[in-house]
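Novice: Dropping the sequence and predicted coords here.
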2 protein chains.
Amino acid sequence: MLGNLTPEVQQTVLNRLNQRPELVMLDTMNFWMNEPFLPSLKEVIKQVDVLSINDEEARMLSGEYSLVKAAKSILAMGPTYLIIKKGEHGALLFNNDQIFFAPALPLEEVFDPTGAGDTFAGGFLGHLAQTQDHSFNNMKRAVIYGSAMASFCVEKFGPERLMNLSADTLEERVQEFVDLVQFEIDYA
Amino acid sequence: MLGNLTPEVQQTVLNRLNQRPELVMLDTMNFWMNEPFLPSLKEVIKQVDVLSINDEEARMLSGEYSLVKAAKSILAMGPTYLIIKKGEHGALLFNNDQIFFAPALPLEEVFDPTGAGDTFAGGFLGHLAQTQDHSFNNMKRAVIYGSAMASFCVEKFGPERLMNLSADTLEERVQEFVDLVQFEIDYA
């Protein structure tokens, strides 16, 4: 997981690895999408499997307002998967021929959104590391686990809510995501 | 379906019905949530089954920023179901103990959003009228049909895209919604 730092540092980390990990995810932000950082950001993006950014950053990086067009343009830059985080409006996962949408859980109160993006990344990668399955179907689950973890993060200050979180409580929260979007269409 | 007009006109329509319909839905807007209209709006809202408004209006009507709190407050005003439309971010359906979230379909291009809300209402009520089933589960499907119809509406100017829409094309679009949010969690 290449956290949001200068692209040069992210590149250095990749260079120093004796063996390339099975999956490399990169997080970045608007600041690095300007000169003089943009060329080195594009260079490191080319080498990762998953890029995770927010909607504003996806629009900035691609120059496209439509997130569907933005995703096509960004996937053409190299990553196999793109996650576009939309905060309280959920997150989108793209590869070249599929889109998955995970809602954010409607919450009574958002106490402190600090760290929600990093918590999402942790939940997402934690699920992939635990299951060792990098298929699109399992990435969808990973997005849900990441979203569930992020929904806890915002409930208290800093990492407070995460420090005493049990696996059972997490599974209950994941079930809330299932219930939130579940519907069945009967074709006559 | 009480369209977005002065609450007095909506009340008059209700009063003139010899028999109350099985289901009454009301659409309204921010303008009527100010004095001198607000008291009559609240009076008519009390009498309907489904209230359909957008997120900004839900916040204005309830005085709550959290949509979960806003929904509780608005459901206490009388309606059994509340739909909160979030435009490109989808729609939420609430009753007193359930929440359902329907995404908006990520589109390459939004040509003209005019009429999307009314098209949503038409698709929603069309599905309920056709199926004659007012359960929460069927209302979820109705929200998906409404969202699918709205996704066509914005693709062309005014009602152009809707005028030659076939049932098959609609079903294909509904399937895109299914694919967009579908995931399976395996509990170990």
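Specialist: Done, it's in. Numbering: from 1, shown residues only, chains lettered A, B, ... in the order given.
Novice: Mind giving me the packing neighbours of the lengthiest helix in chain A?
Specialist: The residue-count maximum for a helix in chain A (DSSP state H) belongs to helix A:136-153. When contacts are defined as 3 or more Cβ pairs under 8 Å, 6 or more residues apart in numbering or on different chains; DSSP states H and E, helix A:136-153 sits against strand A:91-94, strand A:99-102, helix A:116-131, helix A:160-163, helix A:167-181. Every C-beta, even on glycine, is put in place using the N, C-alpha and C of the backbone.
Novice: same question for the longest one, mean pLDDT?
Specialist: Along helix A:116-131, the predicted local confidence has a mean pLDDT of 96.
Novice: Show me what that helix is packed up against.
Specialist: Taking 3+ Cβ pairs under 8 Å, 6+ apart as contact, the helices and strands that helix A:116-131 lies on are strand A:25-27, strand A:50-54, strand A:81-85, helix A:136-153.
Novice: Residues touching it, excluding its own?
Specialist: Outside helix A:116-131, the residues that touch it by Cβ atoms under 8 Å, 6 or more residues apart in numbering or on different chains are A:1, A:3, A:23, A:25, A:27, A:52, A:54, A:83, A:85, A:87, A:91, A:134, A:138-139, A:141-143, A:145-150, A:152-154, A:162.
Novice: could you flag which of the residues you listed are buried?
Specialist: Neighbour-count burial (16 or more other Cβ atoms under 10 Å in any protein chain shown) applied to those gives A:1, A:23, A:25, A:27, A:52, A:54, A:83, A:85, A:87, A:91, A:138-139, A:141-143, A:145-150, A:152-154, A:162.
Novice: Which residues of chain A lie near chain B?
Specialist: Within chain A, the positions adjacent to chain B are A:66-69, A:86, A:89-90, A:92, A:98-103, A:106-110, A:137, A:140-141, A:144, A:171, A:174-175, A:178, A:180-185, A:187 by Cβ under 8 Å from any Cβ of the partner chain.
Novice: What does residue A:86 show for phi and psi?
Specialist: The phi/psi pair for residue A:86 (degrees, to the nearest 10) reads phi -120, psi 30.
Novice: burial count for it?
Specialist: 19 (other Cβ atoms under 10 Å in any protein chain shown).
Novice: Residue A:122 now?
Specialist: Residue A:122, neighbours per other Cβ under 10 Å, totals 18.
Novice: Please apply the same query to residue A:151.
Specialist: Residue A:151, neighbours per other Cβ under 10 Å, totals 23.
Novice: pretty sure it is touching residue A:104, no?
Specialist: Yes: using Cβ atoms under 8 Å, residue A:151 is in contact with residue A:104, at 6.9 Å.
Novice: Just the C-alpha atoms of stretch A:96-112, please, in PDB.
Specialist: C-alpha atoms of stretch A:96-112 as PDB (Å, rounded to 0.1, in the frame of the first residue of the first chain):
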ATOM      1  CA  ASN A  96     -11.900  -2.300 -17.900                       C
ATOM      2  CA  ASP A  97     -15.300  -3.900 -18.300                       C
ATOM      3  CA  GLN A  98     -17.100  -3.800 -15.000                       C
ATOM      4  CA  ILE A  99     -18.400  -1.300 -12.500                       C
ATOM      5  CA  PHE A 100     -19.400  -1.900  -8.900                       C
ATOM      6  CA  PHE A 101     -21.000   0.600  -6.600                       C
ATOM      7  CA  ALA A 102     -20.900   0.400  -2.800                       C
ATOM      8  CA  PRO A 103     -23.000   2.900  -0.900                       C
ATOM      9  CA  ALA A 104     -21.900   4.700   2.200                       C
ATOM     10  CA  LEU A 105     -24.000   3.700   5.200                       C
ATOM     11  CA  PRO A 106     -26.500   6.400   6.000                       C
ATOM     12  CA  LEU A 107     -25.400   7.400   9.500                       C
ATOM     13  CA  GLU A 108     -27.200   9.300  12.300                       C
ATOM     14  CA  GLU A 109     -24.100  11.300  13.100                       C
ATOM     15  CA  VAL A 110     -20.700  11.800  11.500                       C
ATOM     16  CA  PHE A 111     -18.500  12.800  14.400                       C
ATOM     17  CA  ASP A 112     -15.100  13.100  12.700                       C
END
